[in-house]
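Asks: fold the following, please.
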Amino acid sequence: MSRTICVVNEFITEAHKEQINAVAEKHGFSVRYYLSKKDAAGQIADCEVLFGHWRSLLKEAPDLKWYCCSYAGVDPYQPPFHFPEGVMLTNSSGAYGVTIAEHILMVTLMLQRKMPEYGEIVRNHGWTNDLPVRSIQGSRLTMLGTGDIGTTFAKRAKALCPASITGVNRSGKTPDEVYDRVVPMTELDSVLPETDILVMSLPSTPETIGIMTKARIGLLSADSILVNVGRGTAVDQEALMDALNSGKLAGAALDVMVPEPLPADHPLWNAKNLVLTPHVAGNMTLGYTCDKTVSMFCENLENYAQGKPLNHLVDLKRGY
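Replies: Alright, predicted model coming up:
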């Protein structure tokens with residue numbers, strides 16, 4: 001009897017199918033492809049391996065053994081959601097570093113080069129060109145989160161000659177030589193006053209929710225900027241708006257916020273010197289990201305078929 005893999009991803013190409021099929025057939029699996037949860041509904045009862053990002057489908061696969069989430073963030077699968085007992089969960093952390101790092105670089109340069117202000121000037125058909133700008137060169141960067149996303153950006157930022165790159169993570173251990181130093185979360189308060197550019201790329205866990213409090217935002221200087229591409233729950237948005245509107249913070253860029261989508265009448269839309277994007281830093285719009293996600297799945301499928309430990313196995317108690 002053939003073992004079944006169900007792939008429910010809207011980005012899958014014919015080349016991706018060939019790649020997945022080659023590994024699946026080698027190990028005696030059959031593969032079915034669906035573009036959406038609507039297409040897959042009622043069709044995956046015999047599924048042993050599910051590759052996708054549709055949480056609602058989990059209840060339709062009673063024989064599921066391994067769920068490979070094609071996203072990096074897995075907070076939707078944490079309590080109060082009941083993730084099926086005995087099912088292994090892996091994520092696609094490692095596929096999104098390139099696209100999100102480029103997004104961080106884009107919005108950081110926009111803020112440093114005064115693009116929000118110049119954008120307003122141009123929209124009003126003005127011709128002011130003397131706003132003081134700043135540079136990544138000579139700036140002190142702090143990466144709050146040193147996983148794939150934070151480290152990929154740090155490597156790119158290194159080429160722009162910052163004064164220093166400091167990492168902040170749970171352990172205080174250095175994951176890569178790109179960092180000048182790495183400190184544990186317990187030392188965050190001492191790092192913030194020495195930060196010109198703060199980049200947040202944290203997953204949503206009990207430890208990270210609300211980590212950037214009003215008091216911590218106040219530790220940043222008036223010349224600092226804050227970029228968040230992790231989860232909106234990590235930042236006190238009211239305090240951030242107050243800091244931006246009062247000039248106590250030079251600028252911010254948020255790709256994540258609370259709630260999402262942001263209501264049309266939310267005051268965050270009108271905060272000063274704020275670059276807002278609708279959760280697009282990662283997404284599946286860059287071909288490299290899609291290709292990498294499929295390659296990672298195929299590598300893990302080899303592991304699964306051979307009874308080897310899976311890469312990117314998620315501990316839902318930790319949240320990643």
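
Asks: using PDB, list the CA coordinates for stretch 57-70.
Replies: What follows is stretch 57-70 as a C-alpha-only set of coordinates in PDB (Å, rounded to 0.1, in the frame of the first residue of the first chain):
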ATOM      1  CA  LEU A  57      -6.500  20.800   7.400                       C
ATOM      2  CA  LEU A  58      -4.900  19.100  10.400                       C
ATOM      3  CA  LYS A  59      -8.200  17.800  11.700                       C
ATOM      4  CA  GLU A  60      -8.900  16.100   8.300                       C
ATOM      5  CA  ALA A  61      -5.800  13.900   8.400                       C
ATOM      6  CA  PRO A  62      -6.200  11.300  11.200                       C
ATOM      7  CA  ASP A  63      -3.300   9.300  10.000                       C
ATOM      8  CA  LEU A  64      -0.900  12.200   9.800                       C
ATOM      9  CA  LYS A  65       2.600  11.600  11.200                       C
ATOM     10  CA  TRP A  66       4.600  14.700  10.000                       C
ATOM     11  CA  TYR A  67       3.400  18.200   9.200                       C
ATOM     12  CA  CYS A  68       5.900  20.400   7.400                       C
ATOM     13  CA  CYS A  69       4.800  24.000   7.700                       C
ATOM     14  CA  SER A  70       6.000  26.000   4.700                       C
END
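
Asks: ok, so what distance separates residue 93 from residue 230?
Replies: For residue 93, the distance to residue 230 (C-beta to C-beta, to the nearest Å) stands at 12 Å. (Glycine included, C-beta is placed from N, CA and C.)

Asks: so who does the residue nearest to residue 314 when sequence neighbours are not counted touch?
Replies: Nearest residue to residue 314 in three dimensions, chain neighbours excluded: residue 89, at 4.5 Å (C-beta to C-beta, 6 or more residues apart in numbering). Contact analysis of residue 89 by C-beta atoms under 8 Å, 6 or more residues apart in numbering lists 67, 69, 74, 77, 83, 313-314, 316.

Asks: does the residue nearest in space to the middle of the chain belong to a helix, a strand or coil?
Replies: The centroid of the chain falls nearest to residue 230 when counting by C-alpha atoms, centre = their mean (4.8 Å). Secondary structure, DSSP: H, G, I helix; E, B strand; the rest coil: residue 230 is coil.

Asks: my guess is it contacts residue 198. True?
Replies: No: counting by C-beta atoms under 8 Å, residue 198 is not a contact partner of residue 230; they are 11.7 Å apart.

Asks: now residue 130: which helix or strand?
Replies: For residue 130, there is no host helix or strand (DSSP states H and E).

Asks: ok, it - how many residues close by?
Replies: 5 (other C-beta atoms under 10 Å).

Asks: break this protein into its domains for me.
Replies: For the chain, automatic domain parsing gives the domain ranges 3-95+285-305, 97-276.

Asks: can you give me the helices for the stretch 1-150 of the chain?
Replies: Assigned by DSSP state H, counting those that start in this stretch, the stretch 1-150 of the chain shows helices spanning 14-26, 37-40, 97-112, 115-123, 148-158.

Asks: so residue 241, which state does it fall into?
Replies: Relying on three-state DSSP, one would call residue 241 helix.

Asks: how about the strands of this protein, start to end?
Replies: For the chain, strands defined by DSSP state E occupy the ranges 3-8, 29-34, 47-52, 66-69, 88-90, 140-144, 164-169, 181-184, 197-200, 225-228, 251-254, 274-276.

Asks: redo the ones you listed as JSON lines? Include distance to residue 59 and mean pLDDT.
Replies: JSON lines is the format used below for these (distance: least, C-beta to C-beta, whole Å; pLDDT from 0 to 100):
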{"stretch": "strand 3-8", "distance to residue 59": "14", "mean pLDDT": "98"}
{"stretch": "strand 29-34", "distance to residue 59": "16", "mean pLDDT": "98"}
{"stretch": "strand 47-52", "distance to residue 59": "12", "mean pLDDT": "98"}
{"stretch": "strand 66-69", "distance to residue 59": "12", "mean pLDDT": "98"}
{"stretch": "strand 88-90", "distance to residue 59": "15", "mean pLDDT": "98"}
{"stretch": "strand 140-144", "distance to residue 59": "35", "mean pLDDT": "98"}
{"stretch": "strand 164-169", "distance to residue 59": "35", "mean pLDDT": "98"}
{"stretch": "strand 181-184", "distance to residue 59": "39", "mean pLDDT": "98"}
{"stretch": "strand 197-200", "distance to residue 59": "33", "mean pLDDT": "98"}
{"stretch": "strand 225-228", "distance to residue 59": "32", "mean pLDDT": "98"}
{"stretch": "strand 251-254", "distance to residue 59": "33", "mean pLDDT": "98"}
{"stretch": "strand 274-276", "distance to residue 59": "35", "mean pLDDT": "97"}
